[in-house]
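In: Give me the fold of what follows.
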Amino acid sequence: MTDETPASSPVRASRMAGQMVRLVVSDMRRDWAMAVCQVFALAAVLTPLLVLFGLQQGVLGQMLRDLRDNPAMREIVPRVTGANRFDAAWLEAARRRPDVAFAVGDARTLAAEVEATPLARPLAEAVLGVLVPTGPGDPLAAVAGEPWAAGLDRVVLSFGAARALQAKAGDKIQLLVPRRRDGMDETQTHVVTVATVLPPDRMAETRKAILVDDRLVLHVQRYRDGYAVPELGWPGLAAPAEAPRFERFRLYARTIDDVAPLTAWLRADGVEPVSRLDDIAPIQALNTNLTMILTVISAFAAAGSIVALAATQWSGVERKRRELALLTLIGYGRGWLISLPLVQALLLAVLGSGVAVGLFTAAAGVINSRFPAIGSVAAACRLQPDQLLLAAAITCLLAMGAAVLAAARVTRIEPAAALRDT
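Out: Here you go, the predicted model:
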């Protein structure tokens with residue numbers, strides 16, 4: 001009979017765990033020189049790896065983040081040849097592709113040029129701008145769901161166009177669309193409201209772009225070609241009854257990794273694309289190669305650490321066979337004894353990771369002081385707290401894995417034989 005109740009079982013387990021931790025700490029204090037060597041051996045392996053990964057995340061990582069965050073890097077347009085024709089069916093097929101984030105038809109560059117003046121200052125000098133077709137889901141939108149160009153009377157201005165026009169969201173501007181027909185100069189006006197202004201990083205600051213509904217771009221091109229635009233009340237010849245066909249398009253890949261397959265698809269479809277692939281590919285290749293190198297180095301470092309830790313833990317069990325045998329004889333189970341080298345390895349890994357993080361922080365500070373922030377790269381060497389925690393967690397798992405052999409050796413210790421041999 002025993003008076004232990006189920007409620008006391010967790011208390012007993014907690015007491016046993018506390019005893020184990022105290023025993024491990026006492027053992028490390030007694031053999032402190034060996035413990036210090038193991039801690040700094042782990043730190044010596046982990047610190048250079050953290051610095052290398054910090055450089056990858058700091059410099060190269062920021063470059064990749066800039067590429068991913070910049071919509072211009074994902075934009076693909078066709079090279080102007082005069083033979084391109086893209087109808088609604090072609091555009092819809094492009095939009096259905098999983099690697100396409102946005103696609104819209106576009107007019108000829110010359111046909112999309114207009115003059116713009118602020119309605120509040122009609123005598124101000126007209127600004128020459130280019131109509132750029134847009135629509136729902138345009139990656140140029142800084143914030144999803146923000147006011148955008150919807151309908152024929154709302155536009156979005158690039159930062160350069162807004163600065164030239166001295167316009168802001170809510171202002172009205174007047175678009176002047178000239179043409180020459182039958183030897184006569186004709187000009188139509190169209191008043192629109194500015195829905196929003198693009199941030200400077202969304203488009204080149206020198207570009208004076210006016211983002212409008214793709215229908216308005218098509219109307220302007222038809223008017224320039226001499227046709228009437230009944231939707232806007234512009235006179236001209238009767239337009240042929242045919243589906244609209246664009247000579248150009250604006251297409252955005254879903255990610256920078258999709259730019260290469262999209263350009264290949266367009267070439268196979270007979271379209272010569274213009275993209276920023278030449279800017280993307282070298283950085284992606286550098287990141288891939290550096291990741292492979294770091295993976296190989298990490299694998300060798302992990303293997304070396306596991307072998308060293310396993311040998312140290314094994315030798316520790318061999319040196320303490322008598323003590324472990326005595327613990328068995330006084331009632332401690334094999335499961336409890338097996339946990340001893342595992343807990344000791346975990347404690348050593350925690351201490352080694354802490355030293356490594358401290359050394360990495362110091363090294364990163366020196367590196368960042370020598371390489372001040374350049375452009376959007378805030379720090380040449382940096383790792384986020386969650387990345388440091390992940391590195392520490394992996395180190396702890398590897399250390400406990402290395403201690404498995406020592407734990408297995410504990411199970412084969414015969415108390416009587418161990419006491420007789422000492």
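
In: residues near the nearest residue to Gly170 once chain neighbours are set aside, how many?
Out: With CB to CB, 6 or more residues apart in numbering as the criterion, Gly170 has its nearest non-adjacent residue at 6.5 Å, and that residue is Val194. C-betas here are computed from N, CA, C, even on glycine. Other residues within reach of Val194, judged by other CB atoms under 10 Å, total 23.

In: now Val212
Out: 27.

In: Over to it: give its phi and psi.
Out: Main-chain dihedrals, Val212, degrees, to the nearest 10: phi -140, psi 170.

In: what's near enough to touch it?
Out: Leu131, Val132, Pro133, Thr134, Ala149, Leu152, Val155, Val156, Val192 (CB atoms under 8 Å, 6 or more residues apart in numbering).

In: Okay, now the unreliable bits of the chain?
Out: For the chain, the stretches with pLDDT under 70 are 1-20, 81-83, 142-145, 316-337, 372-378, 406-422.

In: got the contact list for the residue nearest to the spatial centre of it?
Out: Centroid check for the chain by CA atoms, centre = their mean gives Arg65 as the closest residue, at 5.3 Å. Contacts of Arg65 were listed using CB under 8 Å, 6+ apart, and none were found.

In: Just flag the most distant two among the contacts of Val212.
Out: Using CB to CB, the two most remote members of these are Val132 and Leu152, lying 14.9 Å apart.

In: If you count surrounding residues, which of these two has more?
Out: Val132 (25 against 15).

In: and the gap between that one and Asp171?
Out: Remark: distance between Val132 and Asp171 (CB to CB, to the nearest Å) = 18 Å.

In: if we can go back for a sec, Throw the contacts of Val212 into CSV and include secondary structure, thanks.
Out: Formatted as CSV, those follow (DSSP: H, G, I helix; E, B strand; the rest coil):
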residue, secondary structure
Leu131, strand
Val132, strand
Pro133, strand
Thr134, strand
Ala149, coil
Leu152, coil
Val155, strand
Val156, strand
Val192, strand
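
In: The chain: helices as residue ranges?
Out: 9-30, 32-55, 61-69, 88-96, 159-165, 214-224, 259-268, 277-319, 321-329, 334-370, 385-402, 404-411, 415-421 (DSSP state H).

In: if I pick Val307, what's in contact with it?
Out: Counted by CB under 8 Å, 6+ apart, Val307 has contacts Ala402.

In: meant to ask about Val229
Out: His219, Arg222, Tyr223, Gly236.

In: Columns distance to Leu340 on top of these, output as a markdown table?
Out: Below are the contacts of Val229 laid out as a markdown table (distance: CB to CB, whole Å):
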| residue | distance to Leu340 |
| --- | --- |
| His219 | 81 |
| Arg222 | 84 |
| Tyr223 | 86 |
| Gly236 | 91 |
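
In: Which of the residues you listed has the largest number of neighbours?
Out: For the contacts of Val229, neighbours tallied by other CB under 10 Å; top is His219, 26 neighbours.

In: With that, I have no additional questions.
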